[in-house]
Every structure is written in structure tokens, then in C-alpha cells.
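J.: The following comprises the amino acid sequence and a computationally predicted model.
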Amino acid sequence: MSSKYKEILGKYANARENLVSAMQDIQESEGYISPEAVKEAAEYFSISKADLYSVVSFYAQFKFTKPGRHTIKVCKGTACHVRGSGSLLSALEERLKIKEGQTTPDGRISLERVACLGACALAPAIVVDEKVHARITLPELEKILNSLD
Amino acid sequence: MSTLKLTIDGVEVEVEQGSTVLQAARKAGIFIPSLCAHEELSPYGACRLCVVQIDGVRGTPTSCTTPATDGMVVHTDTEQLQIQRKRTLELMMSGHPSPCFSCDSREDCESVKKQPSRAGSATRCGTCSNRPICELRHVAMGNFERDIDLPLLYYPEKVERNDPFIDKDHNLCVLCGRCVRTCEKLHTNPAISIANRGKFAKVSSEFGKAWNEEECLFCGACVDECPTGCLTDRWSKWFGAPERAAETLCSMCPQHCKLILKIKDGKIIGTRAPSIKKEDAICAGGRFVFTQLVNTRTRLLRSQVKEGREQIPQGGEAAVKRVSEILENARGKILVIGSKSAYYETRKAMRALAKHFGAELVEMDYDASAADLPPDIVENINSGKYEAVLSFGNYLDEELASKAKGLIVADFVKTPAQNFAEVVLPVLIFGETAGSLFNAEGRKISVQASVKTSLEQRPMSGYIADILKPLDINLGEFDFEPEKLSSEFRSPAKYRDALPSYFLGHNLADYIPDLEKLGKKPSASKKSWKPAEGEGFEILENKTLVPNFHALKVKAPDIARHARAGQFAIIMAYRNSERSPFTLIDWNAEEGWVKFIIEEVGRSSAEIGALKAGDRLFVVSGPLGTPVDLSIFKPGQKVLLAGGCYGIGAIMPVARALAEKGVETTCVIEASSSYMLFFKKELKGVCKKLVLKTRDGTEGEKGGCSDYIAKEGASYDGVIAIGCVFMMGQCAKAAPADESKPALCALNPIMVDGTGMCGACRVSVGSETKFACVDGPFFDIRKVDFAELADRRNAYRLLEVEAMPRSLGCHK
């Protein structure tokens, strides 16, 4: 096993109930679940790759493509929706030439849609790299995009 | 083992401890519908069809996962259960292409179309290879009404053909998990599982990769356990349900696995492992290669004996006599090449033959090719040491064969090297003939002949017995100790790289193209059937309109210049293709192109459908046929045009021509379901009114064109119907009886030359015999004998199945 995953997996006993926690740690560390991670984790837990993939692909929290350097999450909760977050999302999709859930080919930005950020008073809200931006307008969105490297 | 008693629907049943309620019900002869339950697999509870009510138990547990207990009172058919099962089935059918399930004409249609058409994608039962053996269909049609209360969802992109041997159509999957559980039970490293969740859940390898990139051994057990036709054997699936099963042993490798042969019409149409047990697991060779190999199109059927410079078929007896003469004359200077993969009886007879004639016997190993012939033997053949060489299998390449004197080749397929032989004997191979082999434990196992021989084919041991018969030889003296399975032997049922590449000296990849996907290389000298550079007709565009239907635009200036509405052209994709007629849908004389609709129904249409823009068709010959007689309609008159499936495209030129003439047309078009309707916009542009009909009622009115003709036909000045034989038959019955008004159909029998020479396309119209190609394709629909037409179209059913493409190139 490569040292990359050895440390993370080593924290867990070889038991099926530890699988999700271990994979969460791997995602935390790498940002996504790579084919190599699936291979090594499957070996570690003595199950097939197909079985392991079956478990992790069940949960929406796991990502299987490498995220961009920046992540933009657009809230599509009820409050944000009525205050026009749909336009924000389509503006971003158009500008970045990707669909929600995808990453720009240059690996710069990942675009995500979230159900509710719990910041309804700030609608429409987006989260850029863990920072919440409140009551976003299209010109502000443009500014934020330009500020990202 | 102790037993317990329970009551199911008022019947008392005694079962063993540990039985499930479902098993108990089956024992009592009480039917509970189920799909995911399987005797050899652990209970799963996925399909939810086997729900029951149990006194004192809350809810409706699944009987397949509920252990029976003493005194239990079970109800299997209450109103609540019926409603619940119907809802479950609706959910399954909603994601399944099920128009045939809801079609009101299903029984009539299937009495005409006894086999499903061999389409690329299963868009309904009528184009699904699994129809004859489908468990979902059996459960659904046996227990539920036709109506489905949920929208029908079909996604063409769910069909996967990227793997060798196995087609995957996830539209058909009901997530019963039988394939996954089978894979997990058989293999230490199962290749598949169920990935994702909700409506995205599907049977998949990790990251949805092709299975040949993964651990998959292509044992095919998942295919055999699939109840719906989601997983199918790409080539052999079209043979339908086997008539009987027989046991045999595979001899492609020294393991000699037991196989169950599926037999129909005296042919081996498939194989499977004896059970879903690890010890019975077989490899891709036993499961897929075996059937394709015995059904190779170039099987030797007749013996050949050389007269002068030519080989002439003279019958088996003459061939054996000639072999005896050659061997007698060459006594002491003979080479006999055998194979360790032959049945014990054959190997014994070879020993006797060699002893009697003083021959040198070389037995080639499993998986050996001509390149493995020992160097000293090659040298001896080259130097002319032998006066006769008998080879059982393809162990002499062309060059060596040309140097061998008195060459006798016994083989199962034709090879170029056989051209140099004095005698060629057609032999039967594994599965076809009786004989014995030794299993991994060294135990002798005998198998029976499973199929009838074709023409002069015989087992090798039979030929030798005839040669030895007059010589009074006691075969008992030639018993020998068979080889033990080496401790280094790696079973292809466990290791994919151990899959054999050769059988009797033949490169398996030459006959089974899918083996390339498993890393096998075919011989270099493969003949290409593609049109040569600059030859044939260029395809300008190939657009898939709806699943299995392609709009093909072809550069053909001469046809475009002369084409008229109702005519057709004959297309051949490759040099060795069949000639098939296709209606001219559209054309442009100035730009020099014509358009066809290609519906995938078999090999030829699949070949054409798989071609892309820039590829060339070998033959496009037309325009052929008599154009539709437009003079019978006058401007201002009203004509009803009916098109079903392929006919939707075929009525297009007629509608256009009538519109140009000022005739007012109503077009009624039908398809099985909304996702199969096409040309709506195009037809609207040329007709006054467009009426849509679907067999499942998902768009327009439920039903077919004939309903509309029956209701409104009499108010029109004429009717023209084009579609499948069944649809036109229905329209014929509905057509207005008033013979002063024209009612026409366009017929589509099997055609060869399309110019009235061969007579293949003969049809009965009234009391007359007509040729559809020159007298038609348009005839009075009220006079056509549609039953005869349907029979004639089915005449080559078995050959059409055998001819289906084996490679990945087709059926995209």
C-alpha cells in the first residue's frame, strides 16, 4: 500500500462498519475519492472494488472527480430560490461553461448546488471556499469570480 | 431435521426448520409472484412482489426473507396485497420499456411475430431477445392488468455494448440483484455490484468501467441468472428458449469442466455452468467461445477427396477408403498429428492407427498452434521424409501443408492449408459427439452425443474405427494413462489470462472477434469485406431518430435523378452482405443525395445502422419498384395515409407527392410508445392533419392506425397504409369495403435482386401471384394474403439468427 492512504486507513480496524468513516477521511484529505483510493481501501477492507464503490456511490457526499482549486456552492433552498438564486446558478454555468456538479477543465473552479445553507436571511447566498457571500447580485458575482486565482 | 407446520391460505404445510414462507408456499403449490428470490442464492427481499400478510405480524413482510414459524397463519392473496403488488409492478414497468405489456393487440401481434425482431435496443418485448424466457414478463402478464398508472421512462443511453460477449440494457433492470449475488457467490473478487442510489442505481463495476477492465472473468453466470434481459449474451440470445438441456465436458483446456448445453432445433445454442457453485464455475471459453465455435459459419460439412488437382466431395465412405489406401502405401513413413484435447477414445484409436501403420505419433498440447509443432517434425516434413501426414486439427500452416506428401486433414472448419490435402474429413467436436475425458481428480467421465450431425460430419474416432475395422485390431490393448492435471495448472475459470487462445490449432480470435477485448490477437491475414477506396456510395449523414431507427443520407446522384414516390433501393453494406430493400424517403437531384430510414431488425440493418458519415456502402441499387400511382387521386380529394414504425418514414414521400398535387392528406402514424414516434414535424409540413397513435397510450390516442381507419376511413377518397405485416394486416381488416375507392399497402417481403428475376419476393394478391419488387410494392390492401407474407418473411429465421454479428462493430 502506498503511504498516501496507509496512514488514514491504518487508523481503522479492518471491519466493514469503519468503511464510510475511512472514506470520509480520505475525501477530507484529498478532496475526492480516486480510483487508487478505491483500490487500496478495497484491499485494506478485504472487499471487492465494486462492493466498495457500491457503498460510497450510495452517498451524495462522496465525490469521484478531483475538485477545483475553488468551490462555489449556490444555495437553492426556498428563500434563495425565490430571491433568484436560479439566475445566479445559470449565470455561473454560462460563464464557467460547466454544469453544476462539474469542475472547469483547467481545474480552477468547481460548481455545486446545495439544498439550504441555513442562511435564509441572507438570500440569495453563495459559499465560495467556505466563505458565505450574502445577497449576491450578478455584478457582485462577477467581482467574486474575478477575485479567484 | 425437525419440521414445523404453518397455514398458508388455509392450507396446512409442513416444512423443515429454516425454510422461508416463500419456500413453504411453493411446497404447498401456492403461487406467490417473485423475481429476486433464487433457490441457490441467499434471500434478498428486493423486488417486493412476494409480500404476504401474516396474522399477528405488522405490515406486509416479504415471504422470501421471512422464516416460517410453527403455527404461523399466512395470507398470500388479499386485496391489500394485490394492490401493493400492482403498485410495485407499475414502478418496475415505469422504468422498463413496456409498451407491449399495455398494448391491447399484444396477443394478436405475437401470434404473427412469433419471435422478437433482432433489434439493437430492446424498446419493448417485441424487440427484446429475452421475450421467450423473461421472468418479469411471465410474472407481469400472468398476474396483472395491462394498465400502468405511471409515466413510462426510457433512456436510449442506458444501453452498453462496450464489453465482450455481454450486452447490458439497464432500461430492463429491476435491481433484483441476482447478478450481483451470483457474482459474489462465485468469485473471490466479484466485478459487479449495485452503484449509486435511487433512479440512478444500476448494476455496475467500480466507476462504471467496462467489465473487461475489471476483475470480470466473463463466466456469464450473471447473464444466465438475469430475469429480465438486462444482461444478455450478445450473439446467442436470439435463438430463444432452448428445447432441452444436455451435459457435456469442455476440452479447450485440461480442466475439462462440466457444461450444460442448451439445445434447440438440433443445434447447440448456448452453454451454462451446472450450478451457481464455486466448484462448478466455468470460464469465458466454456460460456461464450464454445457456442460460437461450434456454430462457426465455415464449418466443414462434406469430406473432400483430391482427383487430379481438384478436391471433389465423394461421400464419407470414399474418403475413408482413400485414407486407408494412402496410409497402406506409405506404411512406415507416416506422421500422425493428434491432440491431447481429443476425447480419450480418439486418442486411443490414434495410438492403434499409428502402431498398425508404423507411424510416428505427435500429440499436440492444449492451446497449441501450428507454431508449436516440434522443429524436427517440421524439418522432416520439409525434407520429404513422410509419404503421408494425417493431421487432426490445424497444425500445418499453408507453407508446410504445400510441402507435405499424402496430406490428410481432419478438422471442423475450413482452412487455406486444407487446399493442399489429398483428403479432408469433416469432424465433430466437443459437445456434439459422445466420448470420455478425465476430470481434475482423474476420474473418467463419459458424455453422450448431444446433437445430430450435419451432412457428413463424424467424430474423429469414428473415421479411425472405419479405417481399423477391416484390420481386426483390438483397441483394448491401447488403453493408456492420461496426463494428470499439472500442479502448475492455472484454471481460466479463476485467471482470465489463462484463457486458451487456440483450439485444435485454430486461433480462436479469428472466429470469436470479441476475444480481442480480452487481449487475444486474431491472425494477421483477415479478409476485409469493406468496399475498396472510392468504391460504393458515400454516407453523408447517419442520424439516430429514435432507438433502432436511423436516417441515412447517401450520395447517389443517379438514383436521386430518377427517384419517384413509393420506390425503393437495395442496399448492401459490405461485399458479403445480404441485399435488403429500403424505401426512398427523400432525395435531391441537384445535390445528388437520397435518404433512407434504416430500422435495425437483423444483421444487415444492424451493419448499415452502425456505419458513420464518411463510410461507404458497397451497393445502393435503385430506384426500383413501381412508383405509387398518383393519377388515381385528383386535386382536392382527401386521402388517409397510415404509417407504423418503419412506415412512418415510408409514407413521407407519398404524403409529399400528394401534397404537391394538391391532394389533401391526413397522416395517422403509430408506434409502440411516445419514445418511438418520429417525423412529426416533417409530416406536419406536408399533410393537412396529423394524428398520433401509440400502443401504450403515452402519446396521442392509445391503439393503432387501424382504429382510425375503421372509424374515419370511409369518409376519405382513398387509404394507403405502410408498416409491419401485422399493422398492415390490421389496417386491411379496417379498410373501407367500397372497392371503387383505392386502399393500398406497400409490401416488404424478402428480396434478392429487386428486378423480378429471383422470385423471392412473391406475394399472393387476390388469386394472383405477384412480385413485390416489380409489380409492387403497392397493392390493394384488401386482397393481400398477409398470413402467407408473414410466413415467407420467417422462412430463414434460424439462418438469420446464426448470421447475427458477433463482433462489437455492429449494433452501436
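T.: Structure's in. What do you need? Numbers count the residues shown, from 1 in each chain, chains lettered A, B, ... in the order given.
J.: Let me see the backbone angles for whichever residue of the stretch 201-350 of chain B sits closest to chain A.
T.: Ranking the residues of the stretch 201-350 of chain B by distance to chain A (C-beta to the nearest C-beta) places B:Glu206 first, at 3.7 Å. C-betas here are computed from N, CA, C, even on glycine. Main-chain dihedrals, B:Glu206, degrees, to the nearest 10: phi -60, psi 140.
J.: Low-confidence regions, chain A specifically.
T.: Per-residue confidence of chain A (counting by pLDDT under 70) places the weak regions at A:1-3.
J.: Spell out which parts of it neighbour chain B.
T.: Proximity of chain A to chain B, by C-beta under 8 Å from any C-beta of the partner chain, involves residues A:35, A:38, A:48-54, A:57-60, A:64.
J.: The stretch 1-150 of chain B: helices as residue ranges?
T.: Counting by DSSP state H, counting those that start in this stretch, the stretch 1-150 of chain B forms helices over residues B:21-27, B:79-94, B:99-102, B:106-112, B:135-143, given from the N-terminal end onward.
J.: Which of the residues in stretch B:613-621 are classified as buried?
T.: Neighbour-count burial for stretch B:613-621, counted by 16 or more other C-beta atoms under 10 Å in any protein chain shown, picks out B:Asp615, B:Arg616, B:Leu617, B:Phe618, B:Val619, B:Val620, B:Ser621.
J.: what's the answer for stretch B:286-303, then?
T.: Taking 16+ other C-beta under 10 Å as the basis for neighbour counts, the residues of stretch B:286-303 that come out buried are B:286-296, B:299-300, B:302-303.
J.: any idea of the mean pLDDT for it?
T.: Taken as a whole, stretch B:286-303 has an average pLDDT of 92.
J.: Give me the distance between it and the centre of its chain.
T.: 15 Å (C-alpha atoms, centre = their mean, to the nearest Å).
J.: so who does residue 108 touch?
T.: This is for chain A. Contact criterion C-beta atoms under 8 Å, 6 or more residues apart in numbering or on different chains gives A:Gly68, A:Arg69, A:His70, A:Leu148, A:Asp149 as the residues in contact with A:Arg108.
J.: Chain B was what I was after
T.: Under the contact definition (C-beta under 8 Å, 6+ apart), the residues listed for B:Asp108 are B:Phe726, B:Gln730.
J.: Do a quick rundown of the helices in chain A.
T.: With helices called from DSSP state H, chain A shows them at A:3-10, A:19-30, A:35-44, A:49-58, A:78-82, A:85-96, A:138-147.
J.: Please work out which of these is packed deepest.
T.: Comparing the helices of chain A by mean neighbour count (mean count of other C-beta atoms under 10 Å in any protein chain shown), helix A:49-58 ranks first with a mean of 23.
J.: What helices and strands are in contact with that one?
T.: Helix A:49-58 is packed against helix A:19-30, helix A:35-44, strand B:193-195, strand B:202-204, with contacts defined by 3 or more C-beta pairs under 8 Å, 6 or more residues apart in numbering or on different chains; DSSP states H and E.
J.: Tabulate these (TSV), appending distance to B:Phe480.
T.: Formatted as TSV, the entries for the helices and strands packed on helix A:49-58 read as follows, by distance: least, C-beta to C-beta, whole Å:
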stretch	distance to B:Phe480
helix A:19-30	55
helix A:35-44	46
strand B:193-195	48
strand B:202-204	48
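J.: Quick one: closest of those to B:Gly647.
T.: When the helices and strands packed on helix A:49-58 are compared by C-beta to C-beta, strand B:202-204 sits nearest B:Gly647, at 34.4 Å.
J.: Residue nearest the middle of chain A, spatially speaking?
T.: Chain A has A:Lys63 as the residue nearest its centroid, 6.0 Å off, counting by C-alpha atoms, centre = their mean.
J.: any idea how far chain B is from it?
T.: Between A:Lys63 and chain B the distance is 12 Å, computed by C-beta to the nearest C-beta, to the nearest Å.
J.: That residue is in contact with A:Gly31, isn't it?
T.: Yes: counting by C-beta atoms under 8 Å, A:Lys63 does reach A:Gly31; the two are 7.3 Å apart.
J.: what touches both of these two?
T.: Counting by C-beta under 8 Å, 6+ apart, nothing touches both A:Lys63 and A:Gly31.
J.: Report the residue ranges of every domain in the chain.
T.: Going with chain A. Using automatic domain parsing, the domain parsing of chain A gives A:3-58, A:70-147.
J.: that's the wrong chain, I meant chain B
T.: Chain B breaks down into these structural domains: B:3-126, B:304-478, B:537-624, B:630-798 (assignment by automatic domain parsing).
J.: returning to what we had before: the helices of chain A: which one's closest to B:Ala404?
T.: In this view, those are compared for proximity to B:Ala404 by C-beta to C-beta, and helix A:49-58 is the closest at 51.6 Å.
J.: Just give the number of residues close to A:Gly118.
T.: Using other C-beta atoms under 10 Å in any protein chain shown as the criterion, A:Gly118 is surrounded by 11 other residues.
J.: mind checking how far it is from chain B?
T.: In this structure, A:Gly118 and chain B are 24 Å apart, going by C-beta to the nearest C-beta.
J.: which of the buried residues of stretch B:286-303 sit farthest apart?
T.: Maximum distance among the buried residues of stretch B:286-303 (C-beta to C-beta): 31.7 Å, for B:Arg287 and B:Ser303.
J.: Could you tell me how far the closest residue to B:Ala493 other than its chain neighbours is located from B:Ala273?
T.: Counting by C-beta to C-beta, 6 or more residues apart in numbering or on different chains, B:Cys283 is the residue found nearest to B:Ala493 once chain neighbours are left out, at 4.4 Å. The spacing between B:Cys283 and B:Ala273, counted by C-beta to C-beta, to the nearest Å, is 10 Å.
J.: Out of the helices and strands packed on helix A:49-58, which is closest to B:Ser105?
T.: strand B:202-204 (32.1 Å).
J.: Now do the closest one: distance to the chain's middle.
T.: The chain centre lies 23 Å from the centre of strand B:202-204; the measure is C-alpha atoms, centre = their mean.
J.: Residues contacting whichever helix or strand comes after it, please?
T.: Past strand B:202-204, heading to the C-terminal end, the next element that is a helix or strand (DSSP states H and E) is helix B:221-225. For helix B:221-225, the external contacting residues (C-beta under 8 Å, 6+ apart) are B:38, B:41, B:166, B:178-180, B:182-183, B:186, B:192, B:231-233, B:272-273, B:276, B:281, B:287.
J.: residues in contact with B:Arg616?
T.: With contacts defined as C-beta under 8 Å, 6+ apart, the neighbours of B:Arg616 are B:Lys530, B:Pro531, B:Glu535, B:Gly536, B:Phe537, B:Glu538, B:Ile539.
J.: Number of residues surrounding the fifth one?
T.: Burial measure for B:Phe537: 23 neighbouring residues, criterion other C-beta under 10 Å.
J.: cool, and the first one?
T.: As a burial measure, B:Lys530 scores 14 neighbours (other C-beta under 10 Å).
J.: Without its sequence neighbours, what residue ends up closest to it?
T.: Of all residues apart from its sequence neighbours, B:Tyr574 sits closest to B:Lys530 (C-beta to C-beta, 6+ apart), at 6.1 Å.
J.: residues from chain B in reach of chain A?
T.: B:184, B:189-197, B:204-207, B:214-215.
J.: Most neighbours among the residues you listed, which one?
T.: In terms of neighbours by other C-beta under 10 Å, those top out with B:Ile192 at 28 neighbours.
J.: Run a quick neighbour tally on the closest residue to B:Lys385 other than its chain neighbours.
T.: Nearest residue to B:Lys385 in three dimensions, chain neighbours excluded: B:Lys333, at 6.9 Å (C-beta to C-beta, 6+ apart). Here the count is done by other C-beta under 10 Å, and B:Lys333 has 19 residues near it.
J.: Great, nothing more from me.
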